[in-house]
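**Student:** Everything below, folded, please.
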Amino acid sequence: MTAPVTNGGPPGMNGGTHGALDAMPEIHVFRFPAWMWIAYAGILLAVAALVGSSYWIEAGRVGLALPLWHIVVNELTSIVIVFAVTPVVFAWTARLDPRRIGWPRVLLGHAAGMAAFGIVHIGGMTLLRLAIYPLLGGSYDLGEDPLTTGLIYEGRKDALAYAAMAIGAWLLAAALRKPATVVESPARVAAPRRLEIRDGARRVWLDPAEILWAEAAGNYVELHLAGRSWLQRQTLAALEEQLADQGFVRIHRSRLVNRHRVRDITSNDSGDFTVTLDDGRQIAGGRRWRDALLQAG
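**Tutor:** This next block holds a predicted model:
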């Protein structure tokens, strides 16, 4: 009985579903050194001092007798909540990776995160002020403005603060990331003994000899082995160059085959051909690449 010819279907065909799920990019985690958190706290204090002093000066200009401790408490309670919530914002931002979930979900996730941050910030600093003011002999006035006006006023600032934290997290992580050390010979990089594949939180190393063939699958390359398939985030052209010295030959614009695993090559009237592998599976090839495969043999 003749094995069906594989025509390069989407990820998940021919046993590729498990590989597609396992090799998705892992969830990123932001980890910053202690000195950076100390610097961040210093920046928040500097901003609070700037905003508080500006408010105190303006209050004096309009003849508003406002105790200095009111301004100090108001600004400190605000930055305390911001500082406490920042790790949560960073963790949420790390999960919203467009490489994993796509931009529509990223934007919806940040909209929800921005709203949650505003609610926690406003509610948290209000509760702190209601608790601290009586201890200093005062009472915290929620204000005479409508609730919606206050939420809009604070919400605009919180939206900017959330955006700054989300963008800053990615920029700082990129700035702190150590570049990989690449050692190359003057001529060509030596062919790898093993191919590294990311499987969720694990790293898996494959012997190229185990790979029967590889095919393009969107932004990934699907690697077909005897018992399963793996997805690697890489272009087919890059993989072809990486494994050229391992006997891999292009037989189609979206397909590479391990020449050492080829048992038979059968041409048809159109010039296209079918490759039969040593496990009995058959792969379709294009006439444009037929000579290259024959020469490689």
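**Student:** can you list the weak-confidence ranges in the stretch 1-150 of the chain?
**Tutor:** With pLDDT under 70 as the threshold, the stretch 1-150 of the chain has low-confidence stretches at 1-28, 143-150.
**Student:** Kindly recompute the last result at 80.
**Tutor:** Low-confidence segments of the stretch 1-150 of the chain, defined by pLDDT under 80, span residues 1-30, 65, 99-100, 142-150.
**Student:** all helices of it, in order?
**Tutor:** Per DSSP state H, counting those that start in this stretch, the stretch 1-150 of the chain carries helices over the ranges 17-22, 34-61, 68-95, 98-101, 103-132, 147-176.
**Student:** Export those helices as TSV, with columns for mean neighbour count and distance to residue 254.
**Tutor:** C-betas here are computed from N, CA, C, even on glycine. Formatted as TSV, the entries for those read as follows, by neighbours: other Cβ atoms under 10 Å; distance: least, Cβ to Cβ, whole Å:
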stretch	mean neighbour count	distance to residue 254
helix 17-22	16	16
helix 34-61	13	44
helix 68-95	18	32
helix 98-101	13	21
helix 103-132	16	25
helix 147-176	14	32
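**Student:** Next, format the ones you listed as TSV and append distance to residue 277.
**Tutor:** Formatted as TSV, the helices of the stretch 1-150 of the chain follow (distance: least, Cβ to Cβ, whole Å):
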stretch	distance to residue 277
helix 17-22	18
helix 34-61	53
helix 68-95	40
helix 98-101	32
helix 103-132	39
helix 147-176	42
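**Student:** what's the closest of these to residue 211?
**Tutor:** helix 17-22 (12.1 Å; Cβ to Cβ).
**Student:** re the thing from before, ok, which of the helices of the stretch 1-150 of the chain comes nearest residue 215?
**Tutor:** Residue 215 lies closest to helix 17-22 among the helices of the stretch 1-150 of the chain, at 12.1 Å (Cβ to Cβ).
**Student:** check contacts around residue 51.
**Tutor:** The neighbours of residue 51, taking Cβ atoms under 8 Å, 6 or more residues apart in numbering as the test, are residue 75.
**Student:** And for this structure, the residue most distant from the center?
**Tutor:** Distance from the C-alpha centroid of the chain, by Cα atoms, centre = their mean, peaks at residue 63 (52.2 Å).
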